[in-house]
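no sequence on this one, just coordinates:
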């Protein structure tokens, strides 16, 4: 990973914001800037007119890990908490204007920080400075994301071989997760969703102890983390005979998903991608059952900018990796969602998820 | 679960703090107060001199779940985000002094809230008001925690049957997690630790793709969430012949763990429990290798108050559920940790984890 290039880009953004330094406390941003994957670490980036200096702070539990993982940063292992040591570093460096990550830093932590720094250092709330860089994936990241997507896709066969009427949703999730482990995944990128029958009408139907019923949809929405990068995919299958109504639902979602994918290209507003699929569902009479947004960025976090939702004006750009995942949910009946990961390319897009979208019946 | 009693106790604490209302945004606290287990919900508790009023806010994705789960609170399902709706509720109720959870609320969210409320409502940072109540588990909670502990303990046999030289740590973790699913666990309470050979010297050795070596310790640290309550246990086993040095390490940790458990009773400071085990390791010459604290509370969250660490003055009280988990970690050699969950009783304590502490060799 080219941490040096990332830090240079951040330094440019920081200079534009008039900052002397930025305190990076959000762990996915820490990982992005220097490679540390542990759960206690802080990065301080100081900028001069033409140079920048990056320091990574952690505590004694992570001495070995820090030296193995952290690149392009001075490593400081503290007997105190990482943030306390970083604060001391700010004072020592006589930083005047220090940015902090206001969307993540807790109010109480901010107050402590402000109390210790006093008048010497002015704190400035910043929002998304690193996230904005993370939206555009570099070549190394795209390669990692491809591997993570393919691993997730390979697990769909496991899910199909286990899922049948009478089997608990959690057992399908558990088998899929065991295969993920065997294939080298660090962990799942979020709580695996297996929602069968009427439960498929819940957009957030985390796998439960309910058995799969004899007839109905099963939504399976899952992803893995591989070498720090997330994947996220959804397929909907069906047990028992497929009614005309269910076939119509499925076909509408598939058509909507393809329409949104077709809209993905550089320069297009993310809201327009949402609109393309939503229009299809509207024409089919399902728009009131599409109760969430169309997608989100994926990378070090499974949900990261950009958002693909109604009215969003963020323009797509090459290197963005997003999900396209329309769905419809009819209470007490069932739901359908189809989700791919899609890379924005110079000329349009590339669908990364290789899995069929034909309706599979079990 | 007796949500009414919990809310009454909170109202007493709020009156003592002079608050007119408390905005509860930390999800484990939301769950504790009204039963909601979803990922987007806010509770507003208003207090009068002798009465209190609890309102739960969520958005449209959780309509059904809110009505199934939420008790002892008025339910408001909003088209906006839950917090925005709750803020409107604060304005409408003309609340003058509103507490918020400063340890969790992000600075940016605080600023938005303050901007909307303006001069009408004064915001007051609070810390641990609900967590303080959650420290003392009620009978329903103790019963749930017992079930969660027993489920976790039952998985140790699975781990023993899979773990052997050459098998990847992640495969041991994966088999254990699959069994957890089969037994009805919602999920694991944290990333399963399986750390074998030299990796057992890492206090945070999340299961990796490394195979278990022919000889050495294997630390297995895991827990499940069952019906909303966490468990957490650690056992250390050994592959190959056990050297005298390793036997000595193991015995020292076991003795330290028993000493700390023996110190657990009402009225004792949590720091004294830490001290009891640490002294044993000191006498055996291992104190510099015991690099973390002795334990923590467990309940809706796997790490919650109290902390059992050097110098902590929190007094133990009946109904607290804590871990006792000393360990020693010798770089490039290996580590040992033994962890039980322990209930503080009126007369002393009860060890909830039933698993043997004899050194098992595989």
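Happy to help now that I have it. Here the structure is a predicted model, which is why all the values come from computation and not from measurement.

Write out the residues of the stretch 101-250 of chain A neighbouring chain B.
A:102-108, A:110-111, A:125, A:127, A:168, A:170-171, A:173-175, A:177-182, A:184-187, A:191, A:202-204, A:206-207, A:209 (CB under 8 Å from any CB of the partner chain). C-betas here are computed from N, CA, C, even on glycine.

tell me which element the residue nearest to residue A:24 when sequence neighbours are not counted is part of?
If the residues on either side of it in the chain are set aside, residue A:24 comes closest to residue A:43, at 4.1 Å by CB to CB, 6 or more residues apart in numbering or on different chains. Applying DSSP states H and E as the criterion places residue A:43 in strand A:41-47.

List the buried residues of that strand.
Residues A:41-47 are the ones in strand A:41-47 that count as buried (16 or more other CB atoms under 10 Å in any protein chain shown).

Show me the helices in chain A, by range?
Applying DSSP state H to chain A gives helices spanning A:3-16, A:27-34, A:63-69, A:82-92, A:107-117, A:129-134, A:139-162, A:169-182, A:244-263, A:270-283.

Throw those into CSV and include distance to residue B:52 and mean neighbour count, thanks.
Below are these laid out as CSV (distance: least, CB to CB, whole Å; neighbours: other CB atoms under 10 Å in any protein chain shown):
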stretch, distance to residue B:52, mean neighbour count
helix A:3-16, 47, 16
helix A:27-34, 37, 23
helix A:63-69, 47, 15
helix A:82-92, 36, 19
helix A:107-117, 24, 16
helix A:129-134, 40, 20
helix A:139-162, 47, 18
helix A:169-182, 37, 24
helix A:244-263, 45, 19
helix A:270-283, 42, 21
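
Between those, which one is closest to residue B:352.
helix A:169-182 (23.9 Å; CB to CB).

That closest one: how far from the chain's middle?
Taking CA atoms, centre = their mean, to the nearest Å, the mean C-alpha location of helix A:169-182 is offset from the chain mean by 21 Å.

for that helix, packing partners?
With contacts taken as 3 or more CB pairs under 8 Å, 6 or more residues apart in numbering or on different chains; DSSP states H and E, helix A:169-182 sits against helix A:139-162, strand A:187-188, strand A:193-196, strand A:216-222, helix B:169-182.

by how many degrees do it and strand A:216-222 diverge?
Orientation check (axes from the mean of the first three to the mean of the last three CA atoms, to 10 degrees): helix A:169-182 against strand A:216-222 gives 30 degrees.

Could you pull up the mean pLDDT of the strand holding residue A:43?
Mean pLDDT, computed over strand A:41-47, is 98.

what angle separates that strand from helix A:27-34?
Inter-element angle recorded for strand A:41-47 and helix A:27-34: 50 degrees (by the same axes, to 10 degrees).

neighbouring strands for strand A:41-47, and are they parallel or not?
Strand A:41-47 sits in its sheet next to strand A:21-24 (antiparallel), strand A:52-59 (antiparallel), going by DSSP bridges.

Tell me which of those strands sits most buried.
Most buried of the strands paired with strand A:41-47, by mean neighbour count (mean count of other CB atoms under 10 Å in any protein chain shown): strand A:21-24, with a mean of 26.

on that earlier part again, could you dump the helices of chain A to JSON lines with mean pLDDT?
JSON lines is the format used below for those (pLDDT from 0 to 100):
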{"stretch": "helix A:3-16", "mean pLDDT": "97"}
{"stretch": "helix A:27-34", "mean pLDDT": "98"}
{"stretch": "helix A:63-69", "mean pLDDT": "90"}
{"stretch": "helix A:82-92", "mean pLDDT": "96"}
{"stretch": "helix A:107-117", "mean pLDDT": "97"}
{"stretch": "helix A:129-134", "mean pLDDT": "98"}
{"stretch": "helix A:139-162", "mean pLDDT": "97"}
{"stretch": "helix A:169-182", "mean pLDDT": "93"}
{"stretch": "helix A:244-263", "mean pLDDT": "98"}
{"stretch": "helix A:270-283", "mean pLDDT": "98"}
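
Which among the ones you listed is found nearest to residue A:343?
Of all the helices of chain A, helix A:139-162 comes closest under CB to CB, at 6.5 Å.

Check which helices and strands that closest one sits against.
So helix A:139-162, by 3+ CB pairs under 8 Å, 6+ apart, packs with helix A:169-182, strand A:216-222, strand A:224-226, strand A:229-230, strand A:233-239, strand A:340-344.

Which of these sits closest to residue B:311?
That would be, of the helices and strands packed on helix A:139-162 and by CB to CB, strand A:224-226, which comes in at 36.8 Å.

So what's the model's average confidence on the closest one?
The average pLDDT for strand A:224-226 rounds to 96.

Tell me which other helices or strands it touches.
Using 3+ CB pairs under 8 Å, 6+ apart, the elements in contact with strand A:224-226 are helix A:139-162, strand A:187-188.

Now render these as CSV, adding distance to residue B:260.
Shown next, in CSV, are the helices and strands packed on strand A:224-226 (distance: least, CB to CB, whole Å):
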stretch, distance to residue B:260
helix A:139-162, 42
strand A:187-188, 31
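
Nearest to residue A:300, out of the ones you listed?
helix A:139-162 (8.4 Å).

got the contact list for that closest one?
For helix A:139-162, the surrounding residues in contact (CB atoms under 8 Å, 6 or more residues apart in numbering or on different chains) are A:1-2, A:137, A:171-172, A:175-176, A:179-180, A:183-185, A:194, A:220, A:222-233, A:235, A:237, A:298-299, A:319, A:321, A:341, A:343, A:352-355, A:360, A:362.

cool, and stretch A:265-285?
Here stretch A:265-285 makes contact (CB under 8 Å, 6+ apart) with A:248, A:252-253, A:255-257, A:259-260, A:262-264, A:287, A:289-290, A:293-295, A:306-318, A:322, A:324, A:326, A:328, A:344-349.

redo that, cut-off 7 Å
Contact partners of stretch A:265-285, identified using CB atoms under 7 Å, 6 or more residues apart in numbering or on different chains, comprise A:252, A:255-257, A:259-260, A:262-264, A:287, A:290, A:293-294, A:306-318, A:326, A:328, A:344, A:346, A:348-349.

again with stretch A:232-240
The set of residues external to stretch A:232-240 that reach it, using CB under 7 Å, 6+ apart, is A:152-153, A:156, A:163, A:165, A:189, A:212-223, A:246, A:250, A:298, A:302, A:323, A:325, A:336-341, A:353, A:355, A:359-362.

Alright, I will stop here.
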